[in-house]
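> can you look at this prediction? I've put the sequence above it.
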Amino acid sequence: MHIKIAVLASGAGSNFKALVSGDTAPGIVDILLTDNEEAGALKLAAELGVEARYMYPGKYRTRFGIREEELWAEYLLGRGVELVCLAGLMRIIKGPLLDAFPGKIMNIHPSLLPSFPGLDAQGQAFNYGVKVAGCTVHYVDGGTDTGPIILQEPVQVLDSDTRDSLAARILKREHEIYSMAVKAHCRGRAVYSKVVR
């Protein structure tokens, strides 16, 4: 029996593609939702045969309007979605979606949390001068990149790296570990309060 997954994205959708293409069984990507009518993820969804939909997010730039977030939550619940995966959604989730999917929203972040939360984590790490960067899959809570960690993968910072070359190598690792973490959740090996090794 499949576990329906919704992916929420704002941009190109490379992590969305990685989730569709990766092994997330028994989870299966059922729908892509985007807050951006021009998101590259919409084209990817059409190519991959995944249903996709734009939904109005409200008038704010970095968060949902409360009513709009309620509508997103109602739509996903109505589809029978059981896990929500953020893949470059450029909005903070604070209310109705968290209430509708407690412990069932995941995010991929391009740093080894709790270091470098928030925007441009790759640039933060590069400018700080760390020798090891990386990425983290975590559950979403009411904070900014503060939820329980499911899986992390380190990425060595090379002397020849620029911010962009480091970000590209981190993104490649993101594609590898996101589906692994989703599979762990769908098989009951990862839950909000703990991760079973």
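Structure received.
> could you pull out the strands in this structure for me?
Using DSSP state E, the strands of the chain run over 3-9, 27-34, 52-54, 83-86, 105-109, 132-139, 149-156, 190-191, 194-195.
> mind saving the C-alpha coords of the fourth one as CSV?
It refers to strand 83-86. Extracted in CSV, the C-alpha atoms of strand 83-86 (Å, rounded to 0.1, in the frame of the first residue of the first chain):
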residue,chain,number,x,y,z
LEU,A,83,3.8,13.1,4.0
VAL,A,84,4.8,16.6,2.8
CYS,A,85,8.3,17.2,1.4
LEU,A,86,9.6,20.7,1.0
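> that strand pairs with which strands, parallel or anti?
Partner strands for strand 83-86, per DSSP bridges, with pairing direction: strand 3-9 (parallel), strand 105-109 (parallel).
> now the first one: buried residues?
Applying a neighbour-count criterion of 16 or more other C-beta atoms under 10 Å, one finds 3, 5-9 buried in strand 3-9. For glycine as for every other residue, the C-beta is placed from the backbone atoms N, C-alpha and C.
> what angle sits between it and strand 27-34?
Orientation of strand 3-9 against strand 27-34 (axes from the mean of the first three to the mean of the last three C-alpha atoms, to 10 degrees) gives an angle of 30 degrees.
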